[in-house]
Structures are given as C-alpha cells and as structure tokens.
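Chemist: missing the sequence, but the structure's below:
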Ligand SMILES: [Zn+2]
Ligand SMILES: [Zn+2]
C-alpha cells in the first residue's frame, strides 16, 4: 500500500516554512530585532526593560531632524547633534 501525500499535508508544510520568524529582542522604538545575527546586535543598548538599536538610541539631528546613528553624532563647539553631512562645510573640512 502506498501512502498518498495529501494536498492538505503539503499545504501545512508550506505554511510552516513561510511562517514569520519571531522577533527576538525587538528594539523598543522601531521593533526591529536586536538579537545576534540581526545586524543590530553589536550596537544595541539596554533601554527601559528591553533593547534599542543604535539608530533609535541616537539623537535627532538639529539640522535635518532625522535620527543620527550613534557613531555619527557630531557637535559644533560642543553644542547640538548633527550628521556629518549636516555640519557646515568648514567644519567638515577641519575634521578630514
Ligand atoms: Zn530601533
Ligand atoms: Zn542631519
């Protein structure tokens, strides 16, 4: 007797395969995983009871109001937070 492979069983296997992976250690701000292998693990920071990715943990740029990645936070004479690209050109030159 050959065991028939029913369509239903097949369908089940497919749906399991495409199931959304559970997000481990999501960033409390953007919900992206900060777990090992997610790309956010290295720079993740403890935040309240959970984690924050480095992008969300950074400051908002005073020039363009967009989030600054933690390592790319610059100031002008110790004041404010800016993307490197948002600094005045003279300052960019000084830093290079
Ligand atoms: Zn985030
Ligand atoms: Zn900016």
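Modeler: Good, I have the coordinates. This one's a predicted model, so the numbers in the text were calculated from it and none came from an experiment. Ligands and ions are numbered 1, 2, ... in the order given.
Chemist: give the contact list for the closest residue to residue 44 other than its chain neighbours.
Modeler: Distance criterion C-beta to C-beta, 6 or more residues apart in numbering; nearest residue to residue 44, sequence neighbours excluded, is residue 34 at 3.8 Å. For glycine as for every other residue, the C-beta is placed from the backbone atoms N, C-alpha and C. Residue 34 is in contact with 25-27, 40-41, 44, 51-53, counting by C-beta atoms under 8 Å, 6 or more residues apart in numbering.
Chemist: filter these to the buried ones?
Modeler: Taking 16 or more other C-beta atoms under 10 Å as the criterion, what is buried in the contacts of residue 34 is 25-27, 40, 44, 51-53.
Chemist: Give me the distance between stretch 52-61 and the centre of its chain.
Modeler: Remark: stretch 52-61 is offset 9 Å from the chain centroid, using C-alpha atoms, centre = their mean, to the nearest Å.
Chemist: Oops, could you answer that again for stretch 32-45 instead?
Modeler: 7 Å.
Chemist: mean confidence for that stretch?
Modeler: For stretch 32-45, the mean per-residue pLDDT is 90.
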